[in-house]
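Student: sequence unavailable; structure follows:
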């Protein structure tokens, strides 16, 4: 943090000096603009480093609790909520994934605890990418039967909340798989309760792109919201009735015809004022 502040001050001083030189010397316009552009790029790079550093600091903290005797994927959610770690969890149903960790919480860090929990079930990996901790399976996560690998034809979101971004994602999935159904456009919408204490109604999510995967979009939603993790539970023994993908846990919806994931708050905050 101190390093970031120092570098920011240096960049600010440079910008100020550049402005003064522009007024008092014969610097060419192109030279002046190049100087300002370089300073802006430097500040953006420093901001990226600060975000990554913040996550690394959380992951390096010493742990002070042991998760409950719940399935491994639920233990990971407990850890993420305890330490406010943005996370994506891809979990594939196993015959026996219910066990306690054996490590003492005083002997490890947050990332060490995550790895210890994940190692209870062989085949899973822990990755950190673009400010998100990802839990994936070495075989199933990259399978073409995993809908998270589906590349979306096009997707755009501007100043949406979590619910709006999810709706846009669901439309993009259906449009990619069944473009003929959207030849004349689309309609529909979404709803959610007011006076929420999870900040899921804050309109701070914006992105656009082509050929993004469903996984990448979920990562963006979680990261930009700032108070969330996502998880999908797969049943690798069965496929969806109408789509060529592993079936997912329903969470109350028709899993044979509707893709299912959960976005879970890391903490409960003061309701967002309207």
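Tutor: Perfect, thanks for sending it. As the structure is a computational prediction, the values presented were derived from the model and not from experiment.
Student: the helices in the stretch 101-250 of the chain, which residues?
Tutor: Taking DSSP state H, counting those that start in this stretch, the helices of the stretch 101-250 of the chain run over residues 110-118, 162-177, 214-225.
Student: for residue 70, which of these is the nearest?
Tutor: The minimum distance between residue 70 and those falls on helix 110-118, with 10.3 Å, by Cβ to Cβ. Every residue, glycine included, has its C-beta placed from N, CA and C.
Student: contact partners for the closest residue to residue 215 other than its chain neighbours?
Tutor: Using Cβ to Cβ, 6 or more residues apart in numbering and skipping the chain neighbours, the partner closest in space to residue 215 is residue 148 (4.1 Å). The contact partners of residue 148, by Cβ atoms under 8 Å, 6 or more residues apart in numbering, come to 90, 141, 213, 214, 215, 218, 232.
Student: sorry, back to before: CSV for the helices of the stretch 101-250 of the chain, including mean pLDDT, mean neighbour count and distance to residue 79?
Tutor: Shown next, in CSV, are the helices of the stretch 101-250 of the chain (pLDDT from 0 to 100; neighbours: other Cβ atoms under 10 Å; distance: least, Cβ to Cβ, whole Å):
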stretch, mean pLDDT, mean neighbour count, distance to residue 79
helix 110-118, 94, 20, 6
helix 162-177, 94, 19, 21
helix 214-225, 97, 22, 15
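Student: export those helices as CSV, with columns for distance to residue 192.
Tutor: As requested, the helices of the stretch 101-250 of the chain are exported to CSV (distance: least, Cβ to Cβ, whole Å):
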stretch, distance to residue 192
helix 110-118, 30
helix 162-177, 5
helix 214-225, 13
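Student: residues in contact with stretch 194-203: which ones?
Tutor: 159-164, 192, 225-228, 263, 265, 267-272, 274.
Student: residue 240 is in contact with residue 234, isn't it?
Tutor: No - contact between residue 240 and residue 234 fails when scored by Cβ atoms under 8 Å: they sit 10.6 Å apart.
Student: run the chain-centre distance for the longest strand anywhere in the chain.
Tutor: Secondary structure assigned by DSSP state E gives strand 228-239 as the longest strand of the chain. Here the centre of strand 228-239 is set off from its chain's centre by 16 Å, with Cα atoms, centre = their mean, to the nearest Å.
Student: now stretch 169-188
Tutor: That offset, for stretch 169-188, works out to 24 Å (Cα atoms, centre = their mean).
Student: and for stretch 147-165?
Tutor: Centre-to-centre, stretch 147-165 and its host chain are 12 Å apart (Cα atoms, centre = their mean).
Student: which residues in this structure form strands?
Tutor: Counting by DSSP E, the strands of the chain are 87-92, 124-129, 132-137, 155-160, 205-209, 228-239, 246-248, 262-265.
Student: go through the ones you listed and pick out the most buried.
Tutor: strand 87-92 (a mean of 23; mean count of other Cβ atoms under 10 Å).
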